[in-house]
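> predicted structure and sequence below. I'll ask about it afterward.
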Amino acid sequence: MSHFPKLLSSQIAFDVARTMLDGFDKHYRLFREAGQQAKARFEAGDWQGLQQIQRDRIDFYNERVRETSLILEDEYDAERIENGIWQQIKLHYIGLLTNHHQPELAETFFNSVCTRLLHRSYFNNDFIFVRPAISTEYIENEESPTRPTYRAYYPGSREGMAACFERIVHNFQLERPFEDLPRDIGYVVRAIGEQFGEFRIAPNFQVHVLSSLFFRHKTAFIIGRVLNGDRSYPLVIPIVHGPSGGLALDAVLLDKEQVLILFSFSHSYFLVDMEIPSAYVTFLRDLMPRKPRAEIYTSLGLQKQGKNLFYRDFLHHLQHSSDKFIVAPGIKGLVMLVFTLPSFPYVFKVIKDFYPAPKETTREQVKSKYQLVKQHDRVGRMADTLEYSGVAFPLSRFDEALVRELERHAPSMVEYQRAKDGGEEIVVRHLYIERRMTPLNLWLQEGSDAQVEHGIIEYGNAVKELIAANIFPGDMLYKNFGVTRHGRVVFYDYDEIEYLTDCNVRHVPQPRNEEEEMSGEIWYTVRPHDIFPETYRTFLLGDPRVRAAFLRHHEDFFDPAMWQAQKDRLLAGHLHDFYAYQTSERFINRYGSPAPRAGGEPQARRAA
């Protein structure tokens, strides 16, 4: 104990720690304000403004890290601070986090600033938080936040179900009126009855609802759970703008798989105001037990925390596995070198140093495409990516063929170093990590007739939803799309994407003579950004089963008029409606009219 005061004797150490936490607090204040502004934008129907908040928020973290680093460099010459002082800085920082409501995020922020200043590798730095120093388990109980993480409701008797859900909706204090809330509550109660049938209501029957709405695209989501005895069920109620301009409850989702899709890696991050994010993650983990905490943090817009947790999970997996990284199976790309660890459900993508014809691009252009996807509304059809720099892998875990591929195609991205344990490491200077999926070309080759039909329906829907969101995929070969474990087709190759509004949709000109008609080469002029939907038949319809399914479900795919109509709508400022759930679940499609009024209760009986 006699060494402790001496250990914390530096005033500079405390001042640096305080400055770093001030930088984080500013970041999280702005982060919360974005969630608060989303409510007003949603109520006003300002969809462009809502998307702008989403884009801007992605840059908040890096801006605050840069800002804080500059302050520390200017005021404390931080790069020259001695190692012993850095140890004190970390201890002071831990002390400042004792009663903090976002300690896990603040620790990650400390790591980001520290590694930026010291130019050292994350995994070799003794002065960062390799593991959490502050537990988040009981934060909510230790000090009352501004508002509780969730509210508990007790429907009481069967007759009280409708009143309970009406109170849930009103407690969010949405200023825009509902078109017909009693009608919508009736739908909710009816859907619950249909989902569970005649169920026994236990004495502790409760509904828990998170205190903040979740905003994405043109929808606000009420997210909660239903507790009945020892059973727990997810509860998600989307709120949309109805056809008459008022608000409407659009559906009710009561199945874990539906919630997993809602929080999928192919969707954009939610805008949500959270005082204690760890409590929200714990609540959501109860709804989605299989989903890693890293992915939940990421889906809430806390992607840096998601990256941090993902990397910890990855190191844990490496320690408890023995298989080797290999070149990913399948057709090799011209721009990306892709490798994987068979026991780990992700792929690692490295931009090559050289690109054979006909590819004309640069490393910076490819990185800008991936950043575009990060900031764009992914509408459930583009895989999210985790971007890392300076990642060290045990060289002994790399297959020799993979090492040769890296040294041949991306030598500038690879270096070797001695590990702390005396072994050798291979360091990849820059890479992207994505969830591994079944390549659609393999799905179509190996699948049954029913699987082929499903894959083609999903592929066509995916491309149509992407262009409706103003994304032209560029390279639309099946190998650039994957099938998720939920059977959804998702795009994951971004080096050729463009905004559809930047493209020129063209018909293939009629040949002017027999020579042009018989030519095996393109005889007409093709300018940059020209697209010819009629030509897609050539490389999409080679397989007879694929061709039959495609023409049955998406014949308009090859009609330039369909593409031009989407472009015209975008240029007119139209924002397409996307649903992160089956449209068959929408009340307007599920029930239509006549509309039930609140009071139609599920068939239930009280537990003895």
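That came in fine, so what should we check first? Residues are numbered from 1 along each chain as shown.
> list the contacts for the closest residue to F172 other than its chain neighbours?
Using CB to CB, 6 or more residues apart in numbering and skipping residues adjacent in sequence, the residue nearest F172 is L213, 5.7 Å away. Every C-beta, even on glycine, is put in place using the N, C-alpha and C of the backbone. With contacts defined as CB atoms under 8 Å, 6 or more residues apart in numbering, L213 is in contact with K39, F42, F172, A220, F221, I222, I239, V272.
> against P238, how distant is L213?
As judged by CB to CB, to the nearest Å, L213 and P238 stand 10 Å apart.
> next: K359.
K359 is 41 Å from P238, by CB to CB.
> ok, those two, which is more surrounded?
P238 (25 against 15; other CB atoms under 10 Å).
> can you pull up the bridge partners for the more buried one?
Judged by DSSP bridges, the bridge partners of P238 are F221.
> is it true that it touches D250?
Yes - the criterion here is CB atoms under 8 Å, and P238 meets it with D250 at 4.4 Å.
> mutual contacts of the two, please.
With CB under 8 Å, 6+ apart as the test, P238 and D250 both reach T219, Y579.
> next, show the common contact partners of L213 and P238.
With CB under 8 Å, 6+ apart as the test, L213 and P238 both reach A220, F221, I222.
> CSV for these, including neighbour count?
Output for the shared contacts of L213 and P238, formatted as CSV (neighbours: other CB atoms under 10 Å):
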residue, neighbour count
A220, 24
F221, 21
I222, 22
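> quick one: the helices in the stretch 201-350 of the chain, in order.
256-262, 277-287, 293-299, 303-319 (DSSP state H, counting those that start in this stretch).
> quick one: closest of these to A383.
Closest approach to A383 among the helices of the stretch 201-350 of the chain is made by helix 293-299 (12.2 Å; CB to CB).
> packing partners of the closest one?
If contacts are counted by 3 or more CB pairs under 8 Å, 6 or more residues apart in numbering; DSSP states H and E, helix 293-299 sits against helix 277-287, helix 303-319.
> could these go into JSON lines alongside mean pLDDT?
Formatted as JSON lines, these follow (pLDDT from 0 to 100):
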{"stretch": "helix 277-287", "mean pLDDT": "95"}
{"stretch": "helix 303-319", "mean pLDDT": "94"}
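> around Y370, how many other residues sit close by?
The burial count for Y370: 16, using other CB under 10 Å.
> can you tell me the SS state at it?
helix (DSSP: H, G, I helix; E, B strand; the rest coil).
> how far away is it from D495?
8 Å.
> before we move on, what about H529?
Taken as CB to CB, the span from H529 to D495 is 15 Å.
> who has more neighbours, these two?
Ranked by neighbour count (other CB under 10 Å), H529 and D495 place D495 first, with 20 against 12.
> where's that one relative to H376, distance?
Taking CB to CB, one finds D495 at 15 Å from H376.
> now the end-to-end length of stretch 395-414.
11 Å (CA to CA, to the nearest Å).
> over to stretch 192-206?
Calculated as CA to CA, the first-to-last residue distance of stretch 192-206 is 14 Å.
> pLDDT below threshold where in the stretch 351-500 of the chain?
Along the stretch 351-500 of the chain, segments meeting pLDDT under 70 are nowhere present.
> and with 80 instead?
357-359 (pLDDT under 80).
> buried sites along stretch 528-543?
Across stretch 528-543, burial judged by 16 or more other CB atoms under 10 Å covers I531, F532, P533, L540, L541, D543.
> any idea of the mean pLDDT for that stretch?
For stretch 528-543, mean pLDDT is 93.
> give me the distance from that stretch to the chain's centre.
From the chain centre to the centre of stretch 528-543 is a distance of 30 Å (CA atoms, centre = their mean, to the nearest Å).
> got the CA positions of that stretch in CSV?
As requested, the backbone C-alpha atoms of stretch 528-543 are provided in CSV (Å, rounded to 0.1, in the frame of the first residue of the first chain):
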residue,chain,number,x,y,z
PRO,A,528,-18.3,5.4,-68.2
HIS,A,529,-21.4,4.7,-66.0
ASP,A,530,-23.4,3.3,-68.9
ILE,A,531,-25.5,0.3,-67.9
PHE,A,532,-27.3,-2.1,-70.3
PRO,A,533,-29.8,-4.3,-68.4
GLU,A,534,-30.6,-6.3,-71.5
THR,A,535,-27.1,-7.7,-71.6
TYR,A,536,-27.4,-9.2,-68.1
ARG,A,537,-29.2,-12.2,-69.6
THR,A,538,-25.9,-13.4,-71.0
PHE,A,539,-24.2,-14.0,-67.7
LEU,A,540,-27.2,-14.6,-65.4
LEU,A,541,-29.3,-17.1,-67.4
GLY,A,542,-26.9,-19.8,-68.4
ASP,A,543,-28.2,-22.5,-66.2
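> could you number the chain from 91 rather than 1 from now on?
Yes, from this point I'll number from 91; that puts the last item at stretch 618-633.
> which SS state does R602 fall under?
coil.
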